[in-house]
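Engineer: build me a model from this:
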Amino acid sequence: MTPEDLEQLKAAYKFVFDTDDGRRVLADLRRRCHAHTSTFSTNANETFFNEGQRQVVLFIEDMLSADDNRKLPTTAIDEEE
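Structural biologist: Predicted coordinates:
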């Protein structure tokens, strides 16, 4: 993924989430997916599942971040090309 591709993708995330509905959906995802709470469970599989949900929300937040110096994971995106 080129830097230009990444900027276009970030712009698409911002376009989607920078609306009233987008902010409402992101707030719901933060609550449902343990974005800013513990993902721990006494069941290890549940912890792994919870952490996977959390990582998706954190990725979205990174894409919406103005901090372009962050290293964003691109593995899943690169595999599609």
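Engineer: show me what the helix or strand containing Asn45 is packed up against.
Structural biologist: Using DSSP states H and E, Asn45 maps to helix 44-64. Packing partners of helix 44-64 (3 or more Cβ pairs under 8 Å, 6 or more residues apart in numbering; DSSP states H and E): helix 3-17, helix 20-32. Bear in mind the C-beta positions are built from the backbone N, C-alpha and C, glycine included.
Engineer: can you name the farthest residue from the center of this structure?
Structural biologist: Residue farthest from the centre of the chain, counting by Cα atoms, centre = their mean, is Thr42 at 25.2 Å.
Engineer: what about that one, which SS state?
Structural biologist: coil (DSSP: H, G, I helix; E, B strand; the rest coil).
Engineer: pLDDT score for it?
Structural biologist: pLDDT recorded at Thr42 is 98.
Engineer: cool, and Ala66?
Structural biologist: Note for Ala66: predicted pLDDT of 80.
Engineer: which residues of this structure score low on pLDDT?
Structural biologist: Counting by pLDDT under 70, the low-confidence segments of the chain come to 68-81.
Engineer: please consider this matter closed, and thank you.
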